[in-house]
Structures are given as structure tokens and as C-alpha cells.
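Novice: I need the structure of the sequence given here:
(chains A and B)
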Amino acid sequence: MPIIKVEDISYKYSKDLVLEDVSLQVPQGAFLAIVGPNGSGKSTLLKLILGVLKIQKGNIELFGQPIRQFKDWQKIGFVSQKANSFNSGFPATVFEVVLSGLTKKIGLFKIPRKEHKKKVVKVLESVGMLSFKDRNIGELSGGQQQRVFIARSLVSEPELMILDEPTVGVDQKNVQQFYEILEMMNKQLGITLILVTHDVATVTDKVTHVACINKTLHFHGDACEYNELNEEELSSIYGHGVQLLSHNH
Amino acid sequence: MISGILQYEFLQNAFLTGLIIGALAPLIGVFVVVRRMSMIADALSHVALAGIAFSLLLEKNFIALAGLNPLYMGMTFSVVGSLFIEKLRNVYKHFKELAIPIILSSGIGLSAIFISLANGFNTDLYGYLFGSVSAVSRTDLQLIIIVAIFVVITLVLLYKELFLLSFDEEHAKASGIPSKVIHFIFIVMVALVIAASMRIVGILLVSSLMTIPVAASLRFAKGFKQMMFYSVIFGEVSVISGLFLSYYLDLAPGGTIVMLTVLILVISILIGKIKTRFA
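Specialist: I've put the predicted structure just below:
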């Protein structure tokens, strides 16, 4: 059973059609990159999957359930482009931010217990941020902040994690480290990942699947097959000359 | 004053009320500040004034209502005002701050009408505007204790939701937190704390006791809990020393307390500046 099943989704903002008949499936344990130029509708697709936007045409199933009936949102973690929009003056420590990821799980009117705090420590360790736990979140670099936000999602033990251009505003060195954490999550923790990015070159050797979207779905399949696409085919997706960098590992 | 506190009931009332609001106002103020709602406290305190004026007017015209504590009406008005602010913030989605001047001036307008209908008031009203040590009655104190218990328990129980809502509203909504209900409870708490605090610090200055201690601790607090801790300490120091000073120097307690919070703020800004220069 695929974790996500998108069928014939079309979406319009007033009159502009941003998605047209998009269908794709995400198997359990996959690491899917959704790539496409700015304004290609990839964020819209994400919002539809997360239930933030209502479906106009087509169907979406999450964990085998139609999205309208889906209630288990705790199974899904979400990381946005926080490094950009974040109020860096907010007086919260790294520990407090990650603990807030457990708010829903702990439940209304309940106070976090020791086991919850232990979980936070463990997750911070796994993303290499434990030594920063008492620092204010605003004092950290963009890359470090983004790792904290990953930890905040991880702490509630999601089965699926969706990341919307998480590396925007993060410097190159930290981007590498960031992808290593994603790989660890995917391979060691078995979390299914969906990464939305326009940074095609960096991701193709990390992910298992690629979906190219520019209003319609142009390619959906194995990452290896994607690497074999030639420049002409890529141009048809991006509309202009795109260079596919090769990775020599 | 210490011997006075033991001796006179009105001083006991003032001192205990001061102890309570010195902690309560900054505690709720922390959330008010980080949610960028500082001005809302101002608007609500002016609506509370309208409630007080209305109650004094009723008292003057209906002898049967003479025993009614104006604080009740002040609280009712400020809670209703908080609901209107929420409504207006939804009406003007892109100009949310508009709700504040609208409600604030409505509050002052109503107060002015009630005051003129009653052909002006005695010194009572002055006490409500700038705070008073001698005016706190036993029933005021009892009401304030009830408000304090309600607010503290609610803050403890909803702490993590309020924190998440303040830190990242989008994430709070996405993770299924009932954000609207919690925001509603929060704004009612703000209205109650304002009404509870105005006896001592006065309507015109009540928002400063909510925001200035928080502004001072924002300069150096590590984390949210620490900020709450320092804010409460600063609030208590200002209120207690302000009450003593105003008692001995015969000053309005509200003004004295607020100027002490400002003094603490200036010191904490200066310390921060010196620290960064020599760091």
C-alpha cells in the first residue's frame, strides 16, 4: 500500500490552473524529491497533501484513507522554509522548541513528563544539536535552526515527513550535513520522506524517487532513471537550458 | 509601612493585591508581548474604564446598586471588549492592528459619556485612573484572588499550547491544536488580569505592568521559562517597592510602580550594552 496516492489532481487559483491531472504514488520507505521551477505548483501540491488546501478535482489518499476522513495527522511531520520567516528574537531555547513538537501528543491540559523530556534529548542528539539545547533559537545559524525544526518534527515520531524547500537560506556546508540527517532518517529510522526543492543537482544522488512538476507531472520514477534523462527532456520541464550536474562518488 | 500592614486592613489589602498582580500581570504579559499584542492590553484597560464609569453611574442613580463593586462591571466590559477586538481582527484581516484604536477610542468615548451623564465623579475615579493604595477593599482582594487562581491554573494547563501558538501559529494549526479556542481563553485571561490590576496601578498604567518587566527580561533571558521567571521578579520588585515608596512619599502608586519598571528596563538595556561592548 502506498503511503500517499495522488490521483488526477487539478487545482486553480481563481482562473490560473497551477496543477493539471497530476497523479503520483509514494511507497513506504521512499525518499521522494519533488522538483520543479518556481511557480510550478509543487507547493500547491504539498498543501493539498497536507490538507491545508481543499481538493477541487481528483483524489488523495493518505495511509490508505481518503484525505477527507484522515485523522492521524500526527503520523505526518512538516518542515517549512523556517530559516527565512522565523522571528529570531523569540526567547525560546532549542530544548523548548523541540519539546513543543510533542504538544499534540502529550494532549490538552497535560504537563510534559520525564519521558517526554528524554525523547527531546534523544532526538537532539540524533541531529547533532544536543550541545545547543539551552541556547536561544535565534542565536543559531540558519542551518542549525533548520536542524532544530527537523528535531521538532522528529520528536513526535512521524511515519512520513514532508519538507518544503528546507535548505533555502542555509549555507552550502550545512546543506550537506542537512541531507546527511535526512538520509539517516530515511535509512535508519525508516521514515518516508518527501522533499520539495528546486535544487535538482544536489538531491538526485540522495533520493530514491524523483517527481518533476511544472503544472503537469513530467517525470515520476526512480532517481537513477531521472539521472539518465537528457538535457533536452529536462529543458522541456524547466522551459530553458538546465544543466544536470554529475555526481562522482 | 510594615507595622502599618499589620495594623490597618486597607494596607493589608493593598499589599496582598500588589503581591498578586506583581506576578500575575507580567506572567500573562510574557504571552501578550511575544504574540505582539502589547497594545491590546491598552485598549482593554480603557474599555474597563468605561465599565467602571458605568458602574459608578448606576450607583449614583440607583441606590439599590450602591453595593455593587465597580470591578465586576470593569471586568465584564473588558471581557466583552476582548471579544470585539477578536471580531474586528477577523473583519480587517490585513489591518489587524486597526481593532486596537477602534476599541480603545470606543472605551474612552463611552467613559466620557458615562462620566458626563453622572455630572462628574468624586475622587473614586481618580483612584481608578492612577491607582490607589487606600482604595482596595476586602471584596476587591477576594475577587482578585479568584482571578489569580483561575489564570494561574489555566496558564499551567495550557502552557504548552500557548507556547506553541505564540512561537509558531502555523505549526500549531497544522498539528491540530484548537488554536481558536485557546486564543479566546487567552484573551479573556488578559481582560481579567487587566481588571484585577487596575485597582493598584490604575487603568492608564495597567498595560505597562504587563509589558515593561517583560521588555526588560527580553534583553537577557535564555529561553521562555527564564523570561517568565525574570518578568515576575521584576514585576514584584517594582510593585512592592513602588507601594512602599508611594506610601511614604504620598505618591500615586501606579505612577511610582510604573516608573520603577522603567528604571529596571533602562538598567537592563544598559547592562546589555556594556556586556556586548566588552564581550
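Novice: With the flanking residues excluded, which residue is spatially nearest to whatever residue of the stretch 1-150 of chain B ends up closest to chain A?
Specialist: Proximity to chain A, evaluated over the stretch 1-150 of chain B using C-beta to the nearest C-beta, is greatest for residue B:34 at 6.3 Å. No exception for glycine: its C-beta is placed from N, CA and C like everyone else's. Counting by C-beta to C-beta, 6 or more residues apart in numbering or on different chains, residue B:34 lies nearest to residue B:166, which is 4.7 Å off, once chain neighbours are set aside.
Novice: Test my guess that that neighbour contacts residue B:31.
Specialist: Yes: Residue B:166 lies in contact with residue B:31 (C-beta atoms under 8 Å); the separation is 5.9 Å.
Novice: Which elements pack onto the host helix or strand of residue B:213?
Specialist: Taking DSSP states H and E as the definition, one finds residue B:213 inside helix B:206-218. In terms of contacts (3 or more C-beta pairs under 8 Å, 6 or more residues apart in numbering or on different chains; DSSP states H and E), helix B:206-218 is packed against helix B:9-34, helix B:38-61, helix B:179-201, helix B:224-249, helix B:253-278.
Novice: how about the second one, does it get close to chain A?
Specialist: No: if you take C-beta under 8 Å from any C-beta of the partner chain as the test, helix B:38-61 misses chain A, and the best it gets is 13.7 Å.
Novice: so the helix or strand just after that helix versus helix B:179-201, what angle?
Specialist: Next along the chain after helix B:38-61, taking DSSP H and E as the criterion, comes helix B:70-91. Here helix B:70-91 runs at an angle of 140 degrees relative to helix B:179-201 (axes from the mean of the first three to the mean of the last three C-alpha atoms, to 10 degrees).
Novice: Next, residue A:220: secondary structure please.
Specialist: strand (DSSP: H, G, I helix; E, B strand; the rest coil).
Novice: roughly how far apart are it and chain B?
Specialist: 26 Å (C-beta to the nearest C-beta, to the nearest Å).
Novice: Leaving out the residues flanking it, which one is nearest to that residue?
Specialist: Per C-beta to C-beta, 6+ apart, closest to residue A:220 is residue A:211, 4.5 Å.
Novice: quick one, what contacts that neighbour?
Specialist: A:24, A:32, A:33, A:34, A:35, A:217, A:219, A:220 (C-beta atoms under 8 Å, 6 or more residues apart in numbering or on different chains).
Novice: swap the cut-off to 6 Å and go again
Specialist: Residue A:211 makes contact with A:24, A:34, A:220, according to C-beta atoms under 6 Å, 6 or more residues apart in numbering or on different chains.
Novice: Quick check: it is in a helix.
Specialist: No: applying three-state DSSP, one finds residue A:211 to be strand, outside a helix.
Novice: What is the burial count for the nearest residue to residue B:58 once chain neighbours are set aside?
Specialist: Of all residues not flanking residue B:58 in the chain, residue B:65 sits nearest, at 4.7 Å (C-beta to C-beta, 6+ apart). Look at residue B:65: counted by other C-beta atoms under 10 Å in any protein chain shown, it has 13 neighbours.
Novice: Per-residue pLDDT of residue B:38, please?
Specialist: The model reports residue B:38 with a pLDDT of 87.
Novice: Likewise for the one 5 residues further on?
Specialist: Confidence per residue is given as pLDDT, and for residue B:43 that number is 93.
Novice: The residue of chain A found nearest chain B - how many residues pack around it?
Specialist: Going by C-beta to the nearest C-beta, chain B is nearest to residue A:93 of chain A, at 3.6 Å. By other C-beta under 10 Å, the residues close to residue A:93 number 22.
Novice: ok, the residue nearest the centre of chain A - contacts?
Specialist: Centroid check for chain A by C-alpha atoms, centre = their mean gives residue A:163 as the closest residue, at 1.5 Å. Shown in contact with residue A:163 (C-beta under 6 Å, 6+ apart): A:79, A:195.
Novice: try 8 Å
Specialist: A:78, A:79, A:182, A:193, A:194, A:195, A:196.
Novice: In a helix, it, correct?
Specialist: No: Residue A:163 is assigned strand when assessed by three-state DSSP, not a helix.
Novice: Can you pull out the low-pLDDT segments for chain A?
Specialist: A:82-86, A:227-249 (pLDDT under 70).
Novice: SS state for residue A:128?
Specialist: coil.
Novice: Near it, how many other residues are there?
Specialist: That count, for residue A:128 with other C-beta under 10 Å as the rule, works out to 14.
Novice: Show the contacting residues for it.
Specialist: A:147, A:177, A:181.
Novice: do residue B:92 as well
Specialist: Residue B:92 makes contacts with B:98, B:99, as judged by C-beta under 8 Å, 6+ apart.
Novice: same thing but 10 Å
Specialist: Under the criterion of C-beta atoms under 10 Å, 6 or more residues apart in numbering or on different chains, the neighbours of residue B:92 are B:98, B:99, B:102.
Novice: Out of those, name the ones that lie in helices.
Specialist: Of the contacts of residue B:92, the ones assigned to helices by DSSP state H are B:99, B:102.
Novice: mind putting the contacts of residue B:92 in JSON lines, pLDDT and distance to residue B:12 included?
Specialist: Shown next, in JSON lines, are the contacts of residue B:92 (pLDDT from 0 to 100; distance: C-beta to C-beta, whole Å):
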{"residue": "B:98", "pLDDT": "90", "distance to residue B:12": "44"}
{"residue": "B:99", "pLDDT": "90", "distance to residue B:12": "39"}
{"residue": "B:102", "pLDDT": "95", "distance to residue B:12": "40"}
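Novice: What residues does the stretch 1-150 of chain B have near chain A?
Specialist: B:30, B:33, B:34, B:36 (C-beta under 10 Å from any C-beta of the partner chain).
Novice: Correct me if wrong: the first one contacts residue B:218.
Specialist: Pointing back at residue B:30 there. Yes: the pair residue B:30 / residue B:218 is scored as a contact, 9.2 Å apart, by C-beta atoms under 10 Å.
Novice: residue ranges of the strands in chain A, please?
Specialist: Shown for chain A, the strands assigned by DSSP state E span residues A:4-13, A:16-26, A:31-35, A:57-62, A:65-66, A:76-79, A:160-164, A:192-197, A:209-214, A:216-222.
Novice: quick one: which of those is nearest residue A:119?
Specialist: strand A:76-79 (14.0 Å; C-beta to C-beta).
Novice: wait, does the closest one contact chain B?
Specialist: Yes: with C-beta under 10 Å from any C-beta as the criterion, chain B is reached by strand A:76-79 at A:76, A:77, A:78, A:79.
Novice: Quick one: buried ones out of the residues of the stretch 1-150 of chain B next to chain A?
Specialist: With neighbours counted by 16 or more other C-beta atoms under 10 Å in any protein chain shown, the residues of the stretch 1-150 of chain B next to chain A contain buried members at B:30, B:33, B:34.
Novice: any idea which of those residues is the one closest to residue B:159?
Specialist: For those, the nearest to residue B:159 is residue B:30 (10.7 Å; C-beta to C-beta).
Novice: Show me what from the stretch 151-279 of chain B comes close to chain A.
Specialist: B:153-154, B:156-168, B:170-178, B:181-182, B:214, B:217-228, B:230.
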